[in-house]
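Asks: Quick one, structure for this:
(2 chains)
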Amino acid sequence: MGIKSSISLYSLQYQYLWGKMSLADIFQFAKNLGTDGIELLPDQMLHGAPEPEEDTLRMWDDLVTKYPMGLASDDVFLNTNLFANRELTKRECVALMKKEIRLAHRLGFHTIRMVSMVPAWILEPCLELAVEQDVTLNIEIHAGLGFGVKKTDEYIEEMLRLTSPYIGIVPDTSLFMRRAPRVMTEYCDRVLGGLNPDIVKYTDEVFESGTDFFQLNRKSKDGMDPKLKSLIKNDADAFYASNISGYENRSLHELDDLAPYIRHVHFKLYEMTKEGEEYSIDYREILQYLHDHGYQGYVSTEYEGNRWVLPDHEIPEIEQVTAHQKMIQKYIREIEG
Amino acid sequence: MDRQVIQSTGFHNIKDSTGKITGFTFRVRLPYYRGVYLSQLRPGTLFVDGEKFTKDEITWVFGGEEYTNEEMAEDYKTHWCPTQTAELRVAKEGGLAQGFHDLKYGFSFESSYMPPFLESDEALDPDRESPVFMPEFGHHVNERRLLIV
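Replies: Presented below is the predicted three-dimensional model:
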């Protein structure tokens, strides 16, 4: 078995929130699409997580029995900022992470995705339990919070020091964007009162030249590329400039040294075009890369275009996720034969 | 549940056991997909037709349990799930008059992967917008015109 497809239930959050789809409907939907697995955010959909009541756990057991699906990833967030007046202590963080590991095991997951910025020192004290529960711990490497950001770099260093099959990474494809998301540009232009066309034009040029504002901003003393700054003429431009700085345009080869540690991948989705491609990300290139590096895990649709839907428009989660899955599954078939 | 944070249902006066009107109530939803623990909430100020109610004059009700601002700040075990609305109760003798009222209410919250510059007390001020609006965390201050009949 090679690369497997998955849907992060983050992608269907509004269907769930507005009561249009239950968890059972979501499992059925994923099955109908021919998806191999699902990725769950227990905070979002399992009441009482990380210590849900017995009846919630039974509901989960019934679901996974009725709709047998691969359990691709359990998404864990560490609430270090639980209190207004202090950060959680290290001991409290470790205890919380251990609860998450036990819950992942209880739910049937073998992979935990830890959100970006989780501190690296969490790994060693949790490793023994992770091994015992057969659950791997993996940090998400996300654009804007990834390579070159202190906490991520520290994590990678710690991962390489420990070199355990139970510690790894979850790259997010927001690191490998070849164009800015058109839905974000449209949102800024239409909802926030009109963008300076020159800022959009300059963004296109920067991405076409093979770089991005995350990298350009870091070269500037005040944290923003001078030309980008000079093109900010109004609030919409300022908002756009701030957002555009969170999308990266890296070479896939920056993953080469870390490829053996990839345990799961987030396949970001901003907008599927009529041609059946993601507007900003070249998924054929990415799947080919993963295949060539022997990756055998899940690649999981994470629909983030939801936040750029114009007000009073339906959020097209079903349509977008369906189109994304069709594309992913098609490329996996083509590449793996 | 409405897409807007301040809900169109649940806005009415409240009476005590003797039938005396002691205040009013309205409902809000959490504009964040994962939910938060009550200690992560930062309740702010309410304005009704310009009349100000401080955070200490407002209690929150989750699943039938009523919490003061102080109680919420210490409660790191109760989770506000985004599929449930919260009911806010405001003490005001005689309640609100019949007719339309303009509500403006601010609350914010912390989240585990918020960029640090959004986590300062200033950035989390519930009565002002965040320095950078991030759609996934919603607005701090929300407004709505609602009717008491």
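Asks: what residues are up against residue B:144?
Replies: Taking CB atoms under 8 Å, 6 or more residues apart in numbering or on different chains, we find residue B:144 in contact with B:4, B:6, B:8, B:102, B:103. Bear in mind the C-beta positions are built from the backbone N, C-alpha and C, glycine included.
Asks: List the beta-bridge partners for it.
Replies: Note on residue B:144: beta-bridge partners by DSSP bridges are residue B:103.
Asks: Need the pLDDT of residue 68.
Replies: No chain specified, so I'll use chain A. What the model reports for residue A:68 is a pLDDT of 94.
Asks: oops, I was thinking of chain B
Replies: Reading off the model, residue B:68 has pLDDT 96.
Asks: do the same with residue A:234
Replies: pLDDT, residue A:234: 94.
Asks: Would you agree it is in contact with residue A:189?
Replies: No - the pair residue A:234 / residue A:189 is not scored as a contact, 11.1 Å apart, by CB atoms under 8 Å.
Asks: Residue B:50: which of the contacts of residue B:144 is nearest?
Replies: Using CB to CB, residue B:102 comes nearest to residue B:50 of those, at 7.9 Å.
Asks: how close does the closest one sit to residue B:6?
Replies: 11 Å (CB to CB, to the nearest Å).
Asks: So which of the two has more stuff around it?
Replies: residue B:6 (21 against 12; other CB atoms under 10 Å in any protein chain shown).
Asks: Now do the shared contacts for residue B:102 and residue B:6.
Replies: By CB under 8 Å, 6+ apart, the residues touching both residue B:102 and residue B:6 are B:143, B:144.
Asks: got the phi/psi numbers for the closest residue to residue A:46 other than its chain neighbours?
Replies: Once flanking residues are discounted, residue A:46 sits nearest to residue A:52: 5.0 Å by CB to CB, 6 or more residues apart in numbering or on different chains. Main-chain dihedrals, residue A:52, degrees, to the nearest 10: phi -70, psi 160.
Asks: do you know how far residue A:52 is from residue A:107?
Replies: For residue A:52, the distance to residue A:107 - CB to CB - is 9 Å.
Asks: Quickly list what's touching both of the two.
Replies: A:42, A:46, A:60.
Asks: Surely the last one forms part of a helix?
Replies: Read that as residue A:60. Yes - assessed with DSSP: H, G, I helix; E, B strand; the rest coil, residue A:60 lies in a helix.
Asks: Tell me which residues touch it, please.
Replies: Per CB under 8 Å, 6+ apart, neighbours of residue A:60: A:46, A:52, A:107.
Asks: Would you tell me which one of the residues you listed comes nearest to residue B:137?
Replies: Closest to residue B:137, out of all of the contacts of residue A:60 and judged by CB to CB, is residue A:46, at 21.7 Å.
Asks: Dihedrals phi and psi, the nearest residue to residue B:37 once chain neighbours are set aside?
Replies: Nearest in space to residue B:37, with sequence neighbours left out and distances taken as CB to CB, 6+ apart, is residue B:76 at 5.1 Å. Residue B:76 adopts backbone torsions of phi -100, psi 10, taken as degrees, to the nearest 10.
Asks: list the contacts for residue 108?
Replies: In the absence of a named chain, chain A is used. Here residue A:108 is in contact with A:64, A:71 (CB under 8 Å, 6+ apart).
Asks: my bad, chain B
Replies: Residue B:108 touches B:41, B:42, B:44, B:124, B:125, B:126, B:130, B:140, counting by CB under 8 Å, 6+ apart.
Asks: list the contacts for the first one?
Replies: For residue B:41, the contact set (CB under 8 Å, 6+ apart) comprises B:72, B:80, B:107, B:108, B:109.
Asks: Confirm that the fourth one sits in a helix.
Replies: It stands for residue B:108. No - read with three-state DSSP, residue B:108 is strand and lies in no helix.
Asks: quick revisit: export the contacts of residue B:144 to a markdown table and tack on distance to residue A:150 and pLDDT?
Replies: Output for those, formatted as a markdown table (distance: CB to CB, whole Å; pLDDT from 0 to 100):
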| residue | distance to residue A:150 | pLDDT |
| --- | --- | --- |
| B:4 | 38 | 90 |
| B:6 | 39 | 97 |
| B:8 | 45 | 94 |
| B:102 | 45 | 97 |
| B:103 | 42 | 98 |
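Asks: near chain A, which residues of chain B?
Replies: For chain B, the contact set with chain A under CB under 8 Å from any CB of the partner chain comprises B:1, B:33-35, B:37, B:39-40, B:42, B:73, B:76, B:79, B:81-83, B:110-115, B:119, B:132-133, B:135-136.
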